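S.K.: Sequence first, then the predicted structure, then my questions.
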Protein chains: 2
Amino acid sequence: MPERKPRADALRNREAVLAAADRLFAECARPEDVTMADIAAAAGVGKGTLFRGFTDRTGLILALCEARLDPLRRAVADGPPPLGPGTPPVERVHALLDALLCFKLDHRHLSLALEGTGSDSPYRTDHYDWWHRTLRDVLAEIPGLTGAGFTAHALLAAVRADLVDHLVDREHMTREDLRAGLAAHVTRVLREPDAGP
Amino acid sequence: MPERKPRADALRNREAVLAAADRLFAECARPEDVTMADIAAAAGVGKGTLFRGFTDRTGLILALCEARLDPLRRAVADGPPPLGPGTPPVERVHALLDALLCFKLDHRHLSLALEGTGSDSPYRTDHYDWWHRTLRDVLAEIPGLTGAGFTAHALLAAVRADLVDHLVDREHMTREDLRAGLAAHVTRVLREPDAGP
DNA sequence: GTCGATACGGACCGCCGGTCCGCTTCCCGT
DNA sequence: ACGGGAAGCGGACCGGCGGTCCGTATCGAC
């Protein structure tokens, strides 16, 4: 009763679809002009198979992101410093946001597709929830910093995919420009208030 | 030849459409299930009139936002302090972001529709450009603050409509919670570094 | 090899943004 | 006051998309 193992061809198809979707999103400028039919064709399967395996368009994109993001999540959850637990909180916040920014740079098309699903708010995903909780908990360990919940949202907003995309494409910022800018921003946010002596 | 004045009925219809769209967006939870046909019907005009007057869906939403936002923009461009010019920069940054947040709270449905047009990035609008330039220029006047451009983006990201919507709807934050949280965040970002004595 | 369960695939559907063109309404010159 | 041409109107129409459905092909346990 726990679960029935899926058929071999179903598994093969699932992988083919994910690979095809990844490729197509990477090739096209705008995620929304990759249609479901395109993905099915590129994967060599029928449209029915897509929807059987992933429910709907959002589900497919979600599954794809989840798959690509998994290594990073693991590294954060129980990897070595500076990403993993056991790192001093200020340093870890820097590491988390830098890693997230780099992920969005390396998978711009994917992140853009995820956040731009249109119908669903990007805030109503497990994915966002996980990052928010993680970041909030680390922020809460920093003495003197109040409002960890809101601060976590505000910091995560600074690395949203469409903003990153805009900065790279329109304002021609390089990867290092962005990382430096974000690091400076994070530093300002976390800076300790001048306490009395 | 500069421009021919539009016909009276065209003007009437334009207003009717804007009013109808505003109402419909306010009523429906999700902006994307207000269709163009709905708006046309509610305004008592044909679909053709919609597209003749506003080019496409994005254009209609843009025009609507522009109209509602105009008073605030004027107040910022040449109104009295604390929004208008001549205000000390740190105070003005606070005022700008607070005003923008309040606008998004008061016109959630509209802002949501604007940013969630789906196809077009919210960053590729005159509207965003104007806010970014304005905020950046004020930030640039603050001594010791580097990277005004990026900081402006990061601060604006903290008041994005879908985030605000999420905080209100899902995390049940009140208007004052939000304003206080944002104010604290802005304070942290603008806080002067510990300079020598 | 057999047979039930599982998955496949593409024709099909409803809906939506956007176009088109015959008809109506306005408004300016006389 | 009025006539004519330009500006505007509206809704039938189109192409394409996400999503469904079910007859058929495939898998794999025995």
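M.R.: Great, that's in hand.
S.K.: Could you check the pLDDT of A:Ser119?
M.R.: Per-residue pLDDT puts A:Ser119 at 69.
S.K.: Repeat that for A:Ala29.
M.R.: 88.
S.K.: how far away is A:Ala8 from A:Leu101?
M.R.: In this structure, A:Ala8 and A:Leu101 are 39 Å apart, going by CB to CB, to the nearest Å. In short, each C-beta sits where N, CA and C put it, glycine included.
S.K.: Of these two, which one has the most company?
M.R.: More crowded of A:Ala8 and A:Leu101, by other CB atoms under 10 Å in any protein chain shown: A:Leu101, with 19 against 8.
S.K.: Show me the domain layout of chain A.
M.R.: Recorded structural domains for chain A (assignment: automatic domain parsing) are A:1-55, A:62-191.
S.K.: For chain B, which of these is the nearest?
M.R.: Closest approach to chain B among the domains of chain A (CB to the nearest CB): domain A:62-191, 3.7 Å.
S.K.: Indicate whether the closest one makes contact with chain B.
M.R.: Yes: for domain A:62-191 and chain B, the contact criterion (CB under 8 Å from any CB of the partner chain) is met by A:116, A:118-119, A:121-124, A:146-147, A:149-151, A:153-154, A:157-158, A:160, A:162-163, A:165-167, A:170-171, A:181-182, A:184-185, A:188-191.
S.K.: Tell me where the model's unsure across chain A.
M.R.: For chain A, the stretches with pLDDT under 70 are A:1-4, A:118-119, A:194-197.
S.K.: At the contact with DNA strand D, which residues of chain A appear?
M.R.: Residues of chain A lying near DNA strand D by CB under 7 Å from any atom of the strand: A:7-9, A:32-33, A:35-37, A:47-48, A:51-52, A:56-58.
S.K.: The residues you listed also near DNA strand C: which ones?
M.R.: When CB under 7 Å from any atom of the strand is applied, the members of those adjacent to DNA strand C are A:7, A:9, A:47-48, A:52.
S.K.: and A:Val76, which of the three is it?
M.R.: What DSSP: H, G, I helix; E, B strand; the rest coil gives for A:Val76 is helix.
S.K.: from memory it sits against A:Thr87, does it?
M.R.: No: in terms of CB atoms under 8 Å, A:Val76 does not count as a neighbour of A:Thr87; the distance is 10.1 Å.
S.K.: if we can go back for a sec, please identify the deepest-packed of the domains of chain A.
M.R.: domain A:62-191 (a mean of 18; mean count of other CB atoms under 10 Å in any protein chain shown).
S.K.: Can you give me the end-to-end span of it?
M.R.: 35 Å (CA to CA, to the nearest Å).
S.K.: Next one: it, is it in contact with DNA strand C?
M.R.: No: using CB under 7 Å from any atom of the strand, domain A:62-191 stays clear of DNA strand C, with a minimum separation of 10.9 Å.
S.K.: Tell me the secondary structure at the closest residue to A:Leu167 other than its chain neighbours.
M.R.: The shortest distance from A:Leu167 to any non-neighbouring residue, by CB to CB, 6 or more residues apart in numbering or on different chains, is to A:Met173 (4.7 Å). Counting by three-state DSSP, the backbone at A:Met173 sits in coil.
S.K.: what's the answer for A:Gly144, then?
M.R.: coil.
S.K.: That one and A:Glu192 touch, don't they?
M.R.: Yes: counting by CB under 8 Å, A:Glu192 is a contact partner of A:Gly144 at 5.9 Å.
S.K.: Show me the helices in chain A, by range?
M.R.: Applying DSSP state H to chain A gives helices spanning A:8-27, A:36-43, A:47-54, A:57-78, A:89-106, A:108-115, A:126-140, A:148-157, A:161-169, A:175-190.
S.K.: Counting by contacts, list what the fifth one packs against.
M.R.: Helices and strands touching helix A:89-106, by 3 or more CB pairs under 8 Å, 6 or more residues apart in numbering or on different chains; DSSP states H and E, are helix A:57-78, helix A:126-140, helix A:148-157, helix A:161-169, helix A:175-190.
S.K.: got the angle between it and helix A:108-115?
M.R.: Per axes from the mean of the first three to the mean of the last three CA atoms, to 10 degrees, the angle that helix A:89-106 makes with helix A:108-115 is 100 degrees.
S.K.: what's the distance between A:Leu182 and A:Leu139?
M.R.: A:Leu182 is 16 Å from A:Leu139, by CB to CB.
S.K.: Could you do A:Met173 as well?
M.R.: For A:Met173 relative to A:Leu139 (CB to CB), the value is 26 Å.
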